[in-house]
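>>> Build me a structure from this.
(2 chains)
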Amino acid sequence: MPPKKKAAAKPNVSAEELLGHYREMLLIRRFEEKAGQLYGMGLIGGFCHLYIGQEAVVVGLEAAAEEGDKRVTSYRDHGHMLACGMDPKGIMAELTGREGGFSKGKGGSMHMFSKEKHFYGGHGIVAAQVPLGAGLAFADKYKGNGRVTFTYFGDGAANQGQVYETYNMAELWDLPVVFVIENNQYAMGTSVKRSTKSPSLWERGAAYGIPGEEVDGMNVLAVKEAGERAVAHCRAGKGPYILEVKTYRYRGHSMSDPAKYRTREEVQKMRDERDPIEQVREMLLTGKHASEDDLKAIDKEIKAIVNEAAEFSKESPEPALEELWTDIYATEIPQEAS
Amino acid sequence: MATEILMPALSPTMEEGTLAKWLVKEGDTVSSGDIMAEIETDKATMEFEAVDEGIVGKILVAEGTEGVKVNDVIAILIEEGEDVPAEGASSAPAAASTAETAAPTLAPATAAAAPAAPATDATPDWDADVELKPTTVREALRDAMAEEMRRDEDVFLMGEEVAEYQGAYKISQGLLDEFGAKRVIDTPITEHGFAGIGTGAAFGGLKPIVEFMTFNFAMQAIDHIINSAAKTLYMSGGQMGAPMVFRGPNGAAARVGAQHSQDYAAWYMQIPGLKVVMPYSASDAKGLMKTAIRDPNPVIFLENEILYGKSFDVPVMDDFTIPFGKAKIERAGDDVTIVSFGIGMTYALAAAEKLAEDGINAEVINLRTLRPMDTDTILASVRKTNRCITVEEGWPQGSVGNYISSVIMQQAFDYLDAPVINCTGKDVPMPYAANLEKHALVTTEEVVEACKQVTYR
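Residues are numbered from 1 along each chain as shown, chains lettered A, B, ... in the order given. Purely as a prediction, here's the structure:
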């Protein structure tokens, strides 16, 4: 097992890169806040799981990905889609169930896909995306195209049997898949401590011969660095790698969760001391990579993107009633984006 | 600019709530993420956070107020130095409601007002001058897979014992030798996992054939078959789906007890997004398997262990396929229609032989695919015979026969001279004892008796 590595105190990172991370994380935060607001207005229905607090995970890992790499995740998927470059307008319009959404309004918050951006969902059954992700990696290995698949799941999913069936086969067949456990410490209302006596989730991979490590998921640079190690392992043909990314969600499990299983102080402490966006903001200002005014300009720019997405999601019409009957069967095999 | 704070909907079903407590007061500065109020929904007390930053200019709904409607303005947020706008000047945005949509007038696809005459396709599966070769169902399935694997590099076979062992039922005999370990893959015993990996591989552009040693074990994998493979095309708005085949023996073999003997035809037939095939003969098996592998959708291919060793004529052709949704009239007759599929056909054909001895000419329809189902061929036959019996080994409640009966009732009611009878397996788990097992399955005698009943003989 490689040793756990802490992010360097003075990261060797360019201002441009740091600003990019700031911008992407802020986009997710503001997008999710807007989604919460639209939910409150009744424009978004059903289940809506926000990613606020976890932004550094996807932004850090996307920074370690190359063009053509794949990603698949659970129902808490808005952040992953934004981070891989899917259009915020199409995501928000899917949340409102409109024709302009990525699934034409037929998928909703939990079920979106983008062939172009190699985003394979958006899956609502806890841990089902884990073998699916290994299957995507299986296809890449079969084709010998050198691609890697990022398969995200939570600490709750980590207790599902199919995760371990998948670990076994992924290592057996040396599949190029990075298993990313987004440990936000609560599976809906059940804390990790109340669900297992083996709380180090990444170490479970050792039973199958899969290396891994724990990562500070509130620090985007630490996530990126770990992601690069994981990707290098996969691309070298050495099989899967596990990253247990310690993160935190500020909001409830879904919009209707009052989150009474943890204290307000716990959440506030995390926000005050560990917030991933504030950390980068600090780095930018103390490193004199950006001024307050520069950051204000980015805030404004992000706000405009999110407002545009919200407007689009309200204006895009509901899908035509004929759409009820389409996309049930394919008439030809959809071509894989290269 | 002043921002209106609206009463939020905080659950999928909330229409109004109680503003339990304000955690800010007029004049307070808030930024996004600050908790502004506690609101009681129909389910719980929720904290309500600010989205925008500003100063609380005016609180319009006092704490403790019950029955506050979603989207009512509850407070006004202003910017530094700004005045609170006059009350009533604002206009709350209308809540977007899906209920505004005109009531859908789409009727379900099956409820045609006046059923048109059924359009049947009675062209034979092969030309009369084609050479025929006796082949077992087992060989036919193997030949079909081998031909398609030669034709398309993206097709591969995975499952338990499919490679080195040459198949638990020897269906994949010789495939490892010809195609190698990259394309004929032994899996650990882990149905849930490999069904998911197979489905992911299909999303990734391959065309997997996933073998279950029996479909009884596929119950461990059914979440991936239905939630992942069958629904993704729809959920993705047509962007991606799972072109793949799930295959293996289904239903009762002999003396293997309750957990190894279930017929899943009716279960899978219910799922939009799946295609469901249940072949009877070797030519069915070959022609339909080739079509299944080429189909861009997930296909459930239900084989039968007892049929594997049975021999039938298979046409010697370069590329023999049978389209889905085309039933085959195995025996023509005028007195009663017997509809069956898979191993049910053995009872149906044996019964037809016996009935002929008594001068009753049964027409026997082999459905071959259950989804899409060739109901036109059934309806055309019922219009001629005015009587119908269905035959299957599966359980009676919610059976394939039940569905066929409802189609006939809705679209050929006036043609019926007797109620449709469903001959099925008995409504019991499969017993082990030889005599009990025989009675638990449908029997030829029961089919004969049912036919006599509806022909009033």
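>>> quick one: pLDDT of the nearest residue to A:P276 once chain neighbours are set aside?
Spatially, and ignoring its direct neighbours in sequence, A:P276 is nearest to A:A56 (3.6 Å; C-beta to C-beta, 6 or more residues apart in numbering or on different chains). Using the backbone N, CA and C atoms, a C-beta is placed for each residue, glycine as well. A:A56 is assigned a predicted lDDT (pLDDT) of 98.
>>> same thing with the one 4 residues further on?
We note a pLDDT of 98 for A:G60 in this prediction.
>>> thought it was touching A:E228?
No: at 9.6 Å, A:G60 and A:E228 do not qualify as touching, with contact defined as C-beta atoms under 8 Å.
>>> which intervals of chain A have sub-threshold pLDDT?
Applying pLDDT under 70 to chain A flags residues A:1-11, A:333-338.
>>> Go ahead and flag the most central residue of chain A.
A:H80 (3.6 Å; C-alpha atoms, centre = their mean).
>>> quick one: what helix or strand has it in it?
Using DSSP states H and E, A:H80 sits within helix A:78-83.
>>> now that helix, how far from the centre of its chain.
Centroid displacement of helix A:78-83 relative to its chain, using C-alpha atoms, centre = their mean, to the nearest Å, is 6 Å.
>>> Do any residues in that helix lie close to chain B?
No: applying C-beta under 8 Å from any C-beta of the partner chain, one finds helix A:78-83 separated from chain B by no less than 12.6 Å.
>>> CA atoms of that helix as CSV?
The C-alpha trace of helix A:78-83 is given here as CSV (Å, rounded to 0.1, in the frame of the first residue of the first chain):
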residue,chain,number,x,y,z
HIS,A,78,-25.3,17.5,-10.2
GLY,A,79,-21.7,18.3,-9.1
HIS,A,80,-20.3,15.5,-11.2
MET,A,81,-22.1,16.7,-14.3
LEU,A,82,-21.0,20.3,-13.8
ALA,A,83,-17.4,19.3,-13.2
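>>> contacting residues around the helix or strand following that helix?
As assigned by DSSP H and E, the chain's next helix or strand after helix A:78-83 is helix A:88-95. With C-beta atoms under 8 Å, 6 or more residues apart in numbering or on different chains as the contact definition, helix A:88-95 has outside contacts at A:27, A:31, A:34-35, A:38, A:44, A:48, A:78, A:81-82, A:99-103, A:105, A:107-109, A:112, A:305-306, A:308-310, A:312-313, A:316.
>>> What residue in the stretch 201-350 of chain B comes nearest to chain A?
Relative to chain A, the nearest point of the stretch 201-350 of chain B is B:G204 (2.9 Å; C-beta to the nearest C-beta).
>>> secondary structure class for the closest residue to that residue other than its chain neighbours?
Counting by C-beta to C-beta, 6+ apart, A:A139 is the residue found nearest to B:G204 once chain neighbours are left out, at 2.9 Å. Look at A:A139: counting by DSSP: H, G, I helix; E, B strand; the rest coil, its state is helix.
>>> show me what contacts A:A139?
Counted by C-beta under 8 Å, 6+ apart, A:A139 has contacts B:G200, B:A201, B:F203, B:G204, B:G205, B:L206.
>>> Among the residues you listed, which are located in helices?
B:G200, B:A201, B:F203 (DSSP state H).
>>> I'd like a version of those in TSV, one that adds neighbour count and pLDDT as further columns.
Below are those laid out as TSV (neighbours: other C-beta atoms under 10 Å in any protein chain shown; pLDDT from 0 to 100):
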residue	neighbour count	pLDDT
B:G200	35	98
B:A201	30	98
B:F203	29	98
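>>> can you put those residues in a markdown table and add distance to B:A285?
Formatted as a markdown table, the ones in helices among the contacts of A:A139 follow (distance: C-beta to C-beta, whole Å):
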| residue | distance to B:A285 |
| --- | --- |
| B:G200 | 28 |
| B:A201 | 24 |
| B:F203 | 28 |
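>>> I'd like to know how far the residue nearest to B:G204 sits from A:L132.
11 Å (C-beta to C-beta, to the nearest Å).
>>> If you check chain B against chain A, which residue is the closest one?
B:G200 (1.9 Å).
>>> Please name the nearest non-neighbouring residue to that residue.
A:G135 (1.9 Å).
>>> pretty sure the one you found is touching B:A195, no?
No: with contact defined as C-beta under 8 Å, A:G135 does not count as touching B:A195 (9.4 Å).
>>> more neighbours, those two?
A:G135 (36 against 32; other C-beta atoms under 10 Å in any protein chain shown).
>>> Where does the more buried one fall, secondary structure wise?
helix A:129-143.
>>> who touches the helix or strand following that helix?
Next helix or strand after helix A:129-143 toward the C-terminus (DSSP H and E): strand A:149-154. Strand A:149-154 has contacts (C-beta under 8 Å, 6+ apart) with A:57-58, A:61, A:65, A:69-74, A:76, A:80, A:126-127, A:129-130, A:132-134, A:136-137, A:140, A:163, A:176-184, A:187.
>>> number of nearby residues for B:E49?
20.
>>> And for B:G27?
With other C-beta under 10 Å as criterion, B:G27 counts 8.
>>> Now do the contacts for it.
B:I55, B:V56.
>>> pLDDT weak spots in chain B?
In chain B (pLDDT under 70), the answer is B:86-115.
>>> okay, now the domains of it?
B:3-85, B:132-315, B:328-454 (automatic domain parsing).
>>> Let's see the distance spanning the second one from one end to the other.
The stretch domain B:132-315 measures 4 Å between its terminal residues, going by C-alpha to C-alpha, to the nearest Å.
>>> From the chain's centroid, how far away is that domain?
15 Å.
>>> And the shortest one, by the same measure?
The offset between the C-alpha centroid of domain B:3-85 and the centroid of the whole chain comes to 46 Å, using C-alpha atoms, centre = their mean.
>>> contacting residues around B:S172?
Per C-beta under 8 Å, 6+ apart, neighbours of B:S172: B:R142, B:M145, B:L157, B:V162, B:A163, B:Q166, B:V184, B:E211.
>>> Of all residues in the stretch 151-300 of chain A, which one is closest to chain B?
Taking C-beta to the nearest C-beta, the stretch 151-300 of chain A has A:E165 as its residue nearest chain B, at 2.8 Å.
>>> any idea which helix or strand carries that residue?
Using DSSP H and E, A:E165 falls within helix A:161-172.
>>> ok, and for stretch A:223-242, which residues are buried?
By 16 or more other C-beta atoms under 10 Å in any protein chain shown, the buried positions in stretch A:223-242 come out as A:223-227, A:229-231, A:233-234, A:239-242.
>>> That stretch and chain B in contact?
No: using C-beta under 8 Å from any C-beta, stretch A:223-242 stays clear of chain B, coming no nearer than 12.1 Å.
>>> can I get the CA coordinates of that stretch in CSV?
This file holds the C-alpha atoms of stretch A:223-242, laid out as CSV (Å, rounded to 0.1, in the frame of the first residue of the first chain):
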residue,chain,number,x,y,z
VAL,A,223,-7.9,15.2,-4.0
LYS,A,224,-6.3,16.0,-7.4
GLU,A,225,-2.9,14.7,-6.2
ALA,A,226,-4.5,11.4,-5.0
GLY,A,227,-6.5,11.2,-8.2
GLU,A,228,-3.3,11.4,-10.3
ARG,A,229,-1.8,8.5,-8.3
ALA,A,230,-5.0,6.5,-8.8
VAL,A,231,-5.2,7.2,-12.5
ALA,A,232,-1.5,6.4,-13.1
HIS,A,233,-2.0,3.0,-11.4
CYS,A,234,-5.0,2.2,-13.7
ARG,A,235,-3.4,3.5,-16.9
ALA,A,236,-0.3,1.4,-16.1
GLY,A,237,-2.5,-1.7,-16.4
LYS,A,238,-2.3,-2.5,-12.7
GLY,A,239,-6.0,-2.7,-12.2
PRO,A,240,-8.3,-0.8,-9.9
TYR,A,241,-7.5,1.7,-7.1
ILE,A,242,-9.6,3.0,-4.2
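>>> Show which residues not belonging to that stretch make contact with it.
A:2, A:5, A:7, A:21, A:56-57, A:59-61, A:63-66, A:69, A:134, A:137, A:146, A:148, A:167, A:170-171, A:173-179, A:181, A:202, A:205, A:210-213, A:215-217, A:243, A:245.
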